[in-house]
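K.L.:
Predicted model follows, preceded by the sequence.
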Amino acid sequence: MIHDQELVSEIRRRFGLNLYETKVWLALLSKGSATAGELADISNVPRSRTYDVLESLESKKFISQKPGKPIKYVVVPPKDIITAVKDYTETERVKHLDEVERIEKSNVLGKLKNLYSQGSEFIAPPEESGAVRGQTNMRDHLDLMIRDAKTSIIILTTSDGITYLAQEHIEALKKASKNGAIIKMAAHLNETNRTDAKLLLTIAKVRHSEDIHARIYVIDNDEVMFMVVPENAVHPSYDTGIWLRSSFFAQALTDLFEHAYEFWEHGEKAIKKLDDKLKASEKAASRKDAVVNPI
């Protein structure tokens, strides 16, 4: 039985089935009811694998057995598949979470940490670095770095970066702050990002810098991630960050940041200026409106 390859690919992607499961399920959909042997012939799946595939589909509630000799399999109506997929996915999710929690409480994690500690002693500095491509991957990588921060986070970013931090990393920054990390950041504060800057000021020390534009993150004076181009210079898929673990380089960046930090304007002061400017503008507009439209 030949099926449109696009349909097969779509089914696999949407429903999380492998190739054999997809072929057998589509074969059973076309028949409604069939034996394992019939399905093997129709789907061109090896007979030796068909029984395992049918068992897997049954566990996922895509099909059910019909009592009798020989045993026949009945397909679940397509309209009920979504519910079946949701149930199976939720069951698997809970199962995986339970397993992860058991690992966390077992001595396996301790052994893994020891193994990592021993192995990291032999890692040459160039090997603890790499490129992270795509804004989604960069966001996830940064989020993990920020969440794990214990002592300090230094961020030098753009005006758009302030909004990005408030929208994408605020929970991670809160967690780092709760862990005791001192968070310092500098960026160009303006009318567009002032609300986001106010949010960040609740957990971080923010300074206003008009002249420096960069995307640099330094975590615990140990990890560094910096982006090679501005946010909007390339398509999000091609945005690239360079990550490395180097206490020497991280400390050098921290020293440079701290030196300039003292000369940058306090974020609270900069935002007050922006608020005052906005209020003055609104007041002027109100007066102008009163003159144009007198009562």
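P.N.:
That came in fine, so what should we check first?
K.L.:
mind showing which ranges of this structure have poor pLDDT?
P.N.:
1-4, 115-127, 288-295 (pLDDT under 70).
K.L.:
pull the longest helix from it.
P.N.:
helix 78-105 (DSSP state H).
K.L.:
Next, the buried residues of it.
P.N.:
If you call a residue buried by 16 or more other CB atoms under 10 Å, then helix 78-105 has these buried ones: Ile81, Val85, Tyr88. In this view, the C-beta of every residue, glycine as well, is placed from N, C-alpha and C.
K.L.:
Apart from its neighbours in sequence, what residue is nearest the second one?
P.N.:
If you skip the residues right next to it in sequence, Val85 has Phe15 as its closest partner in space, 6.0 Å away by CB to CB, 6 or more residues apart in numbering.
K.L.:
hmm, back to that, got the buried residues of helix 78-105 as JSON lines, with distance to Lys184 columns?
P.N.:
Putting these into JSON lines (distance: CB to CB, whole Å) gives the following:
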{"residue": "Ile81", "distance to Lys184": "52"}
{"residue": "Val85", "distance to Lys184": "46"}
{"residue": "Tyr88", "distance to Lys184": "47"}
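K.L.:
one step back: burial of the residue nearest to Val85, as a residue count?
P.N.:
Phe15: 18 surrounding residues under other CB atoms under 10 Å.
K.L.:
got a list of what it touches?
P.N.:
If you count contacts by CB atoms under 8 Å, 6 or more residues apart in numbering, Phe15 has them with Thr22, Ile81, Val85.
K.L.:
can we see that at 10 Å?
P.N.:
Counting by CB atoms under 10 Å, 6 or more residues apart in numbering, Phe15 makes contact with Glu21, Thr22, Trp25, Lys60, Phe62, Ile81, Ile82, Ala84, Val85, Tyr88, Thr89.
K.L.:
Tell me both backbone torsions, phi and psi, for the fourth one.
P.N.:
Spelled out, it's Lys60. Backbone geometry at Lys60, expressed as degrees, to the nearest 10, gives phi -90, psi 0.
K.L.:
re earlier: from the buried residues of helix 78-105, which single one is nearest Ala270?
P.N.:
Val85 (51.0 Å; CB to CB).
K.L.:
Tell me if I'm right that that closest one and Ile11 touch.
P.N.:
No - Val85 is beyond contact range of Ile11, at 11.3 Å (criterion: CB atoms under 10 Å).
K.L.:
wait, what's in contact with Val206?
P.N.:
Counting by CB under 10 Å, 6+ apart, Val206 touches 155, 162, 165, 183-187, 189, 197-198, 200, 264, 266-268, 270-271.
K.L.:
Three-state assignment for it, please.
P.N.:
Secondary structure, DSSP: H, G, I helix; E, B strand; the rest coil: Val206 is strand.
K.L.:
and the residue lying closest to it once chain neighbours are set aside, how far is that from Leu278?
P.N.:
Using CB to CB, 6+ apart and skipping the chain neighbours, the partner closest in space to Val206 is Gly267 (3.3 Å). Per CB to CB, to the nearest Å, Gly267 is found 16 Å from Leu278.
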